[in-house]
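S.K.: Provided below are the primary sequence and the corresponding predicted coordinates.
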Amino acid sequence: MYPLSLNLYVSMGYDFLLLMIISFLGFGNLMVCCLDSGLVDGFIIEKMSEYKMPGVSIAIVRGGEVIYARGYGYRDIDRMVPASPGTIYGIGSITKSFTAIAVMTLYERGLLDLWDPVSKYTGFDLSVLGEPVTIHHLLTHSSGIPALAYAEAFIRGSLGLDSKWLPLSSPEDVIAFMSGFNEWIEDRPGSKFFYLNEGYVILGKIIERASGVSYEKYVKKNILEPLGMHRSYFRREDVERDSDVAVGYIVDREGKLIPSKFPYGVTADGGLLSNPIDMARYVSMLLNWGLYGGVEVISRKSIEAMETPHIKLPYESVTADYYGYGLMIKADFYGRKLVGHGGSVLTYTAYMGYIRGDNIGVILMANSSGYPLSLIGQYILAHLIGVNPESIAPIRIEKILSKLSGNYETFKGTLRLTVKKKQGTLIIEYKDRYVEEITPLTPQVIGDDYSLFQAYTLTGRIPVEFRIKGDRVEMIYERYKLVKTR
């Protein structure tokens, strides 16, 4: 009845009822087209294993249809319940794209203007260096206010990860928290990108004021319901009624999985919970210029405005060079424009990305932090456009760093050092009975056969060379030549 291979059926962890529901929602045909599922599955499972991630769920869309969807690992480790494509996770800051769409639909209806000052709707005098901050500035994170880190403190405090506690139970509390922000201003509005969660909380209040209903009700009525995203929630009680919800986990420094929770209280900046099947509809709508199932959620003109590179990121990013309205844009992804957004509330992470020219998109969700889902998304998209995904710079570099990691020793084992991969680079570790020394390395050249790093110490700068000769890896460090042991 359903064109699913036995292996795909088993790996999804679906029961027959869920398959019937997916078929009813328009996703019955999950046959893979132009996709090496073994390649994708192998990469994801490898990274989950390395980074101790409990569960990941994905959906891949092409031409408005899901061509692949499955779950990996577990949504609940204690009960050993597998993850599925319908498993609910927090999507974090991908919520910002929903907030941006809500703003744009109100703009289309003449209920607000993108260049209106924020104070018009909130009574909050949000001015920077004498210039009013507008809705446009908040949408593009270009208010001139650096991150005030309310979300970081709120999430970490509510999860018991930090002694800092911010009892912010409403958007009004967040606005009150911002009192005194003027001392932290960095630049005039529109000049520089500073990712500002607080700005999207304020946008949620503007949506309420302009529409006359709560932010959550407006998003549900104007985005979720038209798209048939019936298992996407803001409210705790709705999530708790659902039977397929992932337990959120914290991976501690020893790699142990600690059950945690979703930090309810974040709103327009990161408060939505969803699943890959629902989000596949959302990505398909974006790819189809705001249309899905014959319903126009948002106009093509507004989608174009959201995908416009309004402001450049002031730092190098693997996933984006510019920010639009609630969307991040990488202008040159193998000659294509990659649009998307990531999200994290620590216990849940997510990534959404799509390439309009090829009419393909991907959504990934996990119930922990760990390996960046944006890199898995890029890996899948590169594969779909016929590019070797191993050529993606961070993936290629990480593979080389893994090869360089390990135990090294000098002639006849007279000195032993350990090289470890950490936060995108390497460290050298030396231990004896009483002493432990850690030396961080700064990369200069990273290549398939030769890599050069610098070790910065109080006494000077030391070059550290690595040479890969087949199965043999050599390290030249200060006066020593060391060889990686098998």
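M.R.: That came through fine.
S.K.: and Ala455, helix, strand or coil?
M.R.: Classification of Ala455 by DSSP: H, G, I helix; E, B strand; the rest coil places it in strand.
S.K.: leaving out the residues flanking it, which one is nearest to it?
M.R.: Once flanking residues are discounted, Ala455 sits nearest to Ile462: 4.4 Å by Cβ to Cβ, 6 or more residues apart in numbering. To be clear about C-beta, it is placed using only N, CA and C from the backbone, and glycine gets the same treatment.
S.K.: tell me the pLDDT at that neighbour?
M.R.: Listed pLDDT for Ile462 reads 95.
S.K.: is it true that it touches Gln454?
M.R.: Yes: counting by Cβ atoms under 8 Å, Ile462 does reach Gln454; the two are 7.1 Å apart.
S.K.: coming back round to it: contact partners of the helix or strand harbouring the residue nearest to Ala455?
M.R.: Applying DSSP states H and E as the criterion places Ile462 in strand 460-469. Applying Cβ atoms under 8 Å, 6 or more residues apart in numbering, the external contacts of strand 460-469 come out as 400, 403-404, 428, 441, 448-455, 473-478.
S.K.: of the residues you listed, which belong to strands?
M.R.: Within the contacts of strand 460-469, residues falling in strands by DSSP state E are 428, 441, 450-455, 473-477.
S.K.: redo these as a markdown table? Include neighbour count.
M.R.: Formatted as a markdown table, those follow (neighbours: other Cβ atoms under 10 Å):
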| residue | neighbour count |
| --- | --- |
| Ile428 | 20 |
| Leu441 | 22 |
| Tyr450 | 12 |
| Ser451 | 24 |
| Leu452 | 16 |
| Phe453 | 24 |
| Gln454 | 13 |
| Ala455 | 18 |
| Val473 | 20 |
| Glu474 | 14 |
| Met475 | 22 |
| Ile476 | 14 |
| Tyr477 | 22 |
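S.K.: Ile329: which of these is nearest?
M.R.: Ser451 (31.3 Å; Cβ to Cβ).
S.K.: state the distance from the closest residue to the closest one other than its chain neighbours to Glu437.
M.R.: Leaving out its chain neighbours, the residue that sits closest to Ser451 by Cβ to Cβ, 6+ apart is Phe466, at 4.4 Å. Applying Cβ to Cβ, to the nearest Å, the value for Phe466 to Glu437 is 19 Å.
S.K.: more neighbours: which of the two?
M.R.: Phe466 (27 against 10; other Cβ atoms under 10 Å).
S.K.: centroid-nearest residue for this structure?
M.R.: Central residue of the chain (Cα atoms, centre = their mean): Gly342, 2.7 Å from the mean position.
S.K.: pretty sure that residue contacts Leu373?
M.R.: Yes: counting by Cβ under 8 Å, Gly342 touches Leu373, with 6.7 Å between them.
S.K.: overlap of the contact sets of these two?
M.R.: What both Gly342 and Leu373 touch, as defined by Cβ under 8 Å, 6+ apart, is the set Thr349, Ala350, Tyr351.
S.K.: who wins for neighbours among those residues?
M.R.: Ala350 (30 neighbours).
S.K.: ok, that one - contacts?
M.R.: 89-92, 94, 342-344, 363-366, 373.
S.K.: give me the subset of those residues lying in helices.
M.R.: Cross-referencing the contacts of Ala350 against helices under DSSP state H gives Leu373.
S.K.: from Val483, how far off is the residue located most distally from the centre of the chain?
M.R.: Distance to the chain centre peaks in the chain at Lys412, reaching 46.5 Å (criterion: Cα atoms, centre = their mean). Distance, Lys412 to Val483, by Cβ to Cβ: 11 Å.
S.K.: repeat for Ala69
M.R.: Ala69 is 46 Å from Val483, where distance means Cβ to Cβ.
S.K.: more crowded one of those two?
M.R.: When Ala69 is set against Val483 and neighbours are counted by other Cβ under 10 Å, the residue ahead is Ala69, at 25 against 16.
S.K.: using the three-state scheme, assign Ile145.
M.R.: coil.
S.K.: what's the local residue count around it?
M.R.: Neighbours of Ile145 under the rule other Cβ under 10 Å: 24.
S.K.: wait, doesn't it sit right on Phe181?
M.R.: Yes: using Cβ under 8 Å, Ile145 is in contact with Phe181, at 5.7 Å.
S.K.: worst-scoring helix or strand of the chain, pLDDT-wise?
M.R.: helix 6-12 (a mean of 32; mean pLDDT, DSSP states H and E).
S.K.: tell me which helix or strand Ile395 sits in.
M.R.: Judged by DSSP H and E, Ile395 forms part of helix 393-404.
S.K.: buried residues in that helix?
M.R.: By 16 or more other Cβ atoms under 10 Å, the buried positions in helix 393-404 come out as Ile395, Arg396, Ile397, Glu398, Ile400, Leu401, Lys403, Leu404.
S.K.: and it, how far out from the chain middle?
M.R.: Relative to its chain's centre, helix 393-404 lies at 20 Å (Cα atoms, centre = their mean, to the nearest Å).
S.K.: wait, a helix at the residue farthest from the centre of the chain?
M.R.: Yes: according to three-state DSSP, Lys412 belongs to a helix.
S.K.: average pLDDT across stretch 466-481?
M.R.: In this model, stretch 466-481 has a mean pLDDT of 96.
S.K.: what is the rounded mean pLDDT of stretch 213-223?
M.R.: So the average pLDDT for stretch 213-223 ends up being 98.
S.K.: where does the prediction get shaky in the protein?
M.R.: 1-33 (pLDDT under 70).
S.K.: tell me the domain ranges of it?
M.R.: Following automatic domain parsing, one gets these domains for the chain: 89-389, 398-484.
S.K.: any idea which of those domains is most buried?
M.R.: Per-stretch averages of neighbours, counted by mean count of other Cβ atoms under 10 Å, single out domain 89-389 among those, with a mean of 20.
S.K.: and the ones in strands among the contacts of strand 460-469, which two are furthest apart?
M.R.: Gln454 and Val473 (18.8 Å).
S.K.: test my guess that Gly370 contacts Thr347.
M.R.: No: counting by Cβ under 8 Å, Gly370 does not reach Thr347; the two are 11.3 Å apart.
S.K.: my read is Lys205 is in a helix, agree?
M.R.: Yes: using three-state DSSP, the assignment for Lys205 is a helix.
S.K.: OK, contacts around it?
M.R.: Lys205 sits in contact with Tyr121, Thr122, Pro171, Glu172, Ile175, Tyr215, where contact means Cβ under 8 Å, 6+ apart.
S.K.: quick check: the gap between it and Trp184.
M.R.: Lys205 is 21 Å from Trp184, by Cβ to Cβ.
S.K.: now what about the strand or helix carrying His383, what contacts it?
M.R.: Taking DSSP H and E as the criterion, His383 maps to helix 373-384. Around helix 373-384, the neighbours that count as contacts under Cβ under 8 Å, 6+ apart are 34-36, 39-40, 43-44, 47, 56, 58, 60, 62, 318-319, 333-334, 338, 340, 342, 349-355, 358, 360, 362, 364-366, 388-389, 391-392, 394-395.
S.K.: any idea how far it is from the chain center?
M.R.: 12 Å.
S.K.: likewise for stretch 322-332?
M.R.: 14 Å.
S.K.: same check, this time on stretch 197-204
M.R.: Stretch 197-204 has its C-alpha centroid displaced from the chain centroid by 19 Å (Cα atoms, centre = their mean).
S.K.: cool, and stretch 44-63?
M.R.: 13 Å.
S.K.: give the buried residues for that stretch.
M.R.: Here stretch 44-63 shows 44, 47-48, 52-62 as buried, counting by 16+ other Cβ under 10 Å.
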